[in-house]
Structures are given as C-alpha cells and as structure tokens.
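J.: Need a 3D model of the sequence below.
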Amino acid sequence: MQHFPIFLDLAGRRVVLSGGGDAALAKLRLLLKTEARLTVFTEAPAPEISDWANDNRLTLIRRRFDHGDALCAALFYAADEDATEDARTAALARADGALVNIVDNLGDSQFITPAMVDRDPVTIAIGTEGAAPVLARAIKADLEERLPATLGPLARIGKSFRKMAEALPFGRARRDFWRDYYFNTGPKAVADGLDTVPQALDHLLEHHLTKTARPGHVAFVGAGPGDPELLTLKARRALDEADVVLYDRLITPGILELARREALMIDVGKTAFGPSTPQDEINALIVEHAQNGAQVVRLKSGDATIFGRLDEEIDACDDAGVTWHIVPGITAASASVASIGQSLTRRGRNASVRFLTGHDMKGFADHDWSQLARAGEVAAIYMGKASARFIQGRLIMHGADRATPITLIENASRPDQRIVETTLDSLPNDLSDAGLDGPVLTLFGLAPRDAALALPDHIKELA
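T.: Okay, the predicted model is just below:
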C-alpha cells in the first residue's frame, strides 16, 4: 500500500488551488462539499468559479500562484492543465509546507483524491493507487445504487446520539445497539418520517439498557480453500460479529482481513511434523472466551465438517454448556476439481467419491483399497504428500492400473495455485520433482480437462 487512506479534518483549514479550467472545476466541486477555506489562484477563471467567489464560497485571486501563497495551507492542488506550470506551482507549494496534488500526475503528487460515495456524514473513499480510475468509478457507481439516500440522515441523527449511547457498556453491547439502529429500528423509523427517529432511538436505548446481555457463542466457520470470494455470506457475517477469532494455519491473509479490526485474533495453527497448538489447548481457548461472553469464530480451512476435528471441539462446548452452530464452507476437493474442469461424480463412471486423509495413517491402513483400485473410481485425498508412496503401493498391490490418472493441486483456488498432472505409476517421483510446498489435494482417477488448462487470460483472471 503506497497511499495510506485517512480522513482529514478540513473544517476552517486553508486549501489552495491553482487553475481555472475543467480540472480545477472538477476538484472544486468536491472541495466545496467540505468546510475548508478555499482559495483559487488563476488569471482566467471559469464562470462557475467566479460565481462561487461572488457567493463567498471561495476566495478568488486573479493572478498566477506565487511564493508564499500556500503558507498555512493543509492541501494544495495544481490544476493548471499545463505540465510546466503545474511543476512550478507544486514546487512553490511544497516550499510553503503544503501537501501537494498535481491533477493527473500520480508520480509527482504527495496525496491522491479518491473516488467517493457521499452520504454525508457517511463517506466511502475508493482508491486504486491511481492505477485504475475506471474501476474506481465502477465501484463507486455500484455503491451509489446499493446505499439508500436515507443513510446520511440516519448517520447524522445517530452521531448526535452517541453521547447518550455511552450509557451502554463499551464493546459488544454498544455494537449491538448501533447494529439494531442502522439495520432495523432506524430504517423503519425513517419510513414513518425523519421526525420519528429520535423518539425511536430513545426507546431503543431503553430496551438495550434493560435487556440481558447476549451470552457467549461459538460459530464453527468453514473458510473455504483460500479465495476470499469463495467465502459464504453467512461466514462473512460471523466474522463481522466476532469478538474472538481462532484460526488455522492455512487461512489466507485476505480472509483474516475480513474480521473486525477490534477482534482478538488467535493463531491456533497446526503444522505437520512441526510446531502445533495442541487440540486440548484449542478446545480450552474456545470454551474460555465463550464463557467470558465473547462471540467466538473458530475459523477452519475448507469445510469445517471435513477432516477438521470438529467433533472434539463441539464436545468441549457441549461439556461446558456453550452454544454453537456450524457455517459450512467450500471444501478443497470442490475447488480443486473445479480448477481442472472436472466433476467428482459422473454418470457411467462413478456414482460415489471417497474423501480420504493422508494424515491418518491408521485409517489409511484400514481402508478398502481393493474397492478403490477398481477402474473408474475417484477419490479426493487430503494431506497426502507424505503418504504418496504408501498410496501408490497399496493401490498397485490391489490391482489398480498403473496408468490411472492422478492430479495434484497445490493451493487450490489461490493466486499461487499449481496443478501437476501425473499417473499412479509416476506419482511419488512427479510429486518430488514438482517441489510442492503448500497444501496439496490429490485427485485420484481424474486428469485435467484440456480446455480448463487453456482458458483465455481474461477468464483465468475471473476464475
């Protein structure tokens, strides 16, 4: 992140602009929404700028910008639409101590003005580091349609009520109150007329002051294979409400970013043959935070119900009298098979599919390998890198065709996803040669569909 987003208080502060044409007009239309003291330097102002000056909305000085003209200014905009003149005025403004923006010159600017969705006092700024202004405008248009015009009045009334709401305990109690106001009571009151909103707020506060605090609760959430866009809406909502998030090692940073910034984030990851958080300790942490009244998210990679030791954690909650619910996620097998353009089952080929884990060697030894060795069978093997040679030996010993296709998918659904196509005969050697360091899912009995590996670039980006 090159540009750090902040919201700057411009009330009563000086903002200076050099220029009088279209570029200046575009910036001034935005700046006039603020409470800044605006000063414009130009020899040839557009009629609108003169009108704004006549209405005392800004100060117009009909000459070129010069030394000392930006003293005590918080911001300076170079908008002369001439590279030489913009460079001159920018240098003078920097010398005066102002932060400088040169219109349409990202490289020489000290700050940028993002695209904005204005529901004053709710303001959403959209930045692309100047790389994709068309995309920023598209996002802005989408948000403009989604956010109701009543959001601004609701926020203004809510802002005036913040001191009253401080009667509620800090933290979740206040968040529950404001969530109720903005997404339930407030919009209903606005429908009856803005003058009814303050009274509705009073009743809502009285209700929250007297109601019993929401007890601690645990959501076992499947985070999917790693792509944040594959996270379910229910999972997003759980993360947004969580006070505590206990997450696995394979959870990607993009998904962790979706949790509230105030949430306590606890890494309880396990590494095969490496440092790991003991399961008993994870169980104890879940119960401890829930019993302290926290909304806990136990964030698991893929789907929480598949090879996630979910039952042990549920049992710990049940033993402690802690309530819980499960939010399903997309398992790695689904993401992996999608990445190679295949399906896990197919009419005439296989009516069932096996999910196996290479982490449980006893379970592997007890598996019915003779059935899996039959032609047309399909299996998704999780955490199978270390047991690849064992898998190969068992299947061949039970009569599996050495030419049976196998596909290895590393980091399924993520930007660094890799696909290795091999056969049962070549599995251990090809796995070793590929040097796969991330989590790998092994699809037994499936080869990539050629079309899936030859997608056009613009489709690959969408996928």
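J.: rest of the way, CA atoms for contacts and neighbours
T.: Fine.
J.: Report the buried residues of stretch 309-317.
T.: 313, 314, 316, 317 (16 or more other Cα atoms under 10 Å).
J.: scratch that, stretch 63-79
T.: So, applying 16+ other Cα under 10 Å, buried residues of stretch 63-79: 64, 65, 69, 70, 71, 73, 74, 75, 76, 77, 78, 79.
J.: Could you tell me how far that stretch lies from the centre of the chain?
T.: 39 Å (Cα atoms, centre = their mean, to the nearest Å).
J.: now swap in stretch 116-133 and tell me
T.: 17 Å.
J.: do the same with stretch 328-342
T.: For stretch 328-342, the distance to the chain centre is 21 Å (Cα atoms, centre = their mean).
J.: Which ones among the buried residues of stretch 309-317 map onto helices?
T.: 313, 314, 316, 317 (DSSP state H).
J.: Compile the residues you listed into TSV and extend it with columns for distance to residue 231.
T.: Listed next are these as TSV, based on distance: Cα to Cα, whole Å:
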residue	distance to residue 231
313	22
314	22
316	26
317	25
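J.: sorry, back to before: format the buried residues of stretch 309-317 as CSV; extra columns: distance to residue 243 and pLDDT.
T.: Putting the buried residues of stretch 309-317 into CSV (distance: Cα to Cα, whole Å; pLDDT from 0 to 100) gives the following:
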residue, distance to residue 243, pLDDT
313, 18, 97
314, 19, 97
316, 19, 97
317, 17, 97
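J.: Looking at those residues, spot the one nearest residue 366.
T.: Taking Cα to Cα as the measure, residue 366 lies nearest residue 313 of these, at 25.2 Å.
J.: so what's the closest one closest to, chain neighbours aside?
T.: Distances taken as Cα to Cα, 6 or more residues apart in numbering place residue 283 nearest to residue 313, at 5.5 Å, with adjacent residues excluded.
J.: neighbours around the one you found, how many?
T.: Residues near residue 283, counting by other Cα atoms under 10 Å, number 16.
J.: Relative to residue 248, how far out is it?
T.: According to Cα to Cα, to the nearest Å, residue 283 stands 13 Å off from residue 248.
J.: Any regions of the stretch 351-463 of the chain where pLDDT drops low?
T.: 359-365, 451-463 (pLDDT under 70).
J.: Could you list the domains of the chain?
T.: 14-113, 151-210, 217-330, 333-453 (automatic domain parsing).
J.: least trustworthy helix or strand in the chain by mean pLDDT?
T.: One helix or strand of the chain scores below all others by mean pLDDT, DSSP states H and E: helix 457-462, with a mean of 45.
J.: For the nearest residue to residue 97 once chain neighbours are set aside, grab phi and psi.
T.: Ranked by Cα to Cα, 6+ apart and with sequence neighbours excluded, the top spatial neighbour of residue 97 is residue 71, at 6.8 Å. Main-chain torsions, residue 71, degrees, to the nearest 10: phi -60, psi 140.
J.: How about the contacts made by residue 71?
T.: 93, 96, 97, 98 (Cα atoms under 8 Å, 6 or more residues apart in numbering).
J.: any idea how far residue 89 is from it?
T.: For residue 71, the distance to residue 89 - Cα to Cα - is 13 Å.
J.: Would you reformat the domains of the chain as TSV and include distance to residue 122?
T.: Shown next, in TSV, are the domains of the chain (distance: least, Cα to Cα, whole Å):
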stretch	distance to residue 122
domain 14-113	13
domain 151-210	6
domain 217-330	19
domain 333-453	34
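J.: who wins for proximity to residue 119 among these?
T.: domain 151-210 (4.6 Å).
J.: as a whole number, average confidence for that closest one?
T.: Averaged across domain 151-210, pLDDT comes to 84.
J.: circling back: which one of the domains of the chain lies closest to residue 123?
T.: Among these, domain 151-210 sits nearest to residue 123 (Cα to Cα), with 9.1 Å.
J.: how deep is the closest residue to residue 185 other than its chain neighbours tucked in, by neighbour count?
T.: With sequence-adjacent residues excluded and distances taken as Cα to Cα, 6+ apart, residue 185 is closest to residue 200, at 7.0 Å. By other Cα under 10 Å, the residues close to residue 200 number 17.
J.: Only the buried residues of whichever strand or helix holds residue 200, if you could.
T.: Per DSSP states H and E: residue 200 is located in helix 197-210. Residues of helix 197-210 classed as buried by neighbour count (16+ other Cα under 10 Å): 197, 198, 200, 201, 204, 205, 208, 209.
J.: Could you dump those into CSV and include distance to residue 224?
T.: Conversion of the buried residues of helix 197-210 to CSV gives the following (distance: Cα to Cα, whole Å):
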residue, distance to residue 224
197, 41
198, 42
200, 40
201, 39
204, 37
205, 38
208, 35
209, 38
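J.: quick one: the strands in the stretch 251-400 of the chain?
T.: Applying DSSP state E, counting those that start in this stretch to the stretch 251-400 of the chain gives strands spanning 264-267, 295-300, 323-327, 354-357, 379-382.
J.: For the third one, C-alpha coordinates in CSV please.
T.: This file holds the C-alpha atoms of strand 323-327, laid out as CSV (Å, rounded to 0.1, in the frame of the first residue of the first chain):
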residue,chain,number,x,y,z
THR,A,323,-23.9,-22.9,22.5
TRP,A,324,-22.6,-23.3,19.0
HIS,A,325,-23.6,-23.5,15.3
ILE,A,326,-21.8,-24.6,12.1
VAL,A,327,-21.3,-22.5,9.0
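J.: That strand packs against which elements?
T.: strand 217-222, helix 310-320 (3 or more Cα pairs under 8 Å, 6 or more residues apart in numbering; DSSP states H and E).
J.: Apply 10 Å and report the result again.
T.: strand 217-222, helix 233-241, helix 279-291, strand 295-300, helix 310-320 (3 or more Cα pairs under 10 Å, 6 or more residues apart in numbering; DSSP states H and E).
J.: so which of those comes closest to residue 154?
T.: With Cα to Cα as the yardstick, what comes closest out of the helices and strands packed on strand 323-327 is helix 233-241 (21.1 Å).
J.: Show the average pLDDT along that closest one.
T.: Helix 233-241 comes out at a mean pLDDT of 93.
J.: immediately after that helix, which helix or strand?
T.: Next element after helix 233-241 (DSSP H and E): strand 244-247.
J.: How many residues are close by residue 261?
T.: Neighbours of residue 261 (other Cα under 10 Å): 11.
J.: ok, back up a step: dump the helices and strands packed on strand 323-327 into a markdown table; add distance to residue 270 as well.
T.: Listed next are the helices and strands packed on strand 323-327 as a markdown table, based on distance: least, Cα to Cα, whole Å:
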| stretch | distance to residue 270 |
| --- | --- |
| strand 217-222 | 16 |
| helix 233-241 | 21 |
| helix 279-291 | 9 |
| strand 295-300 | 11 |
| helix 310-320 | 14 |
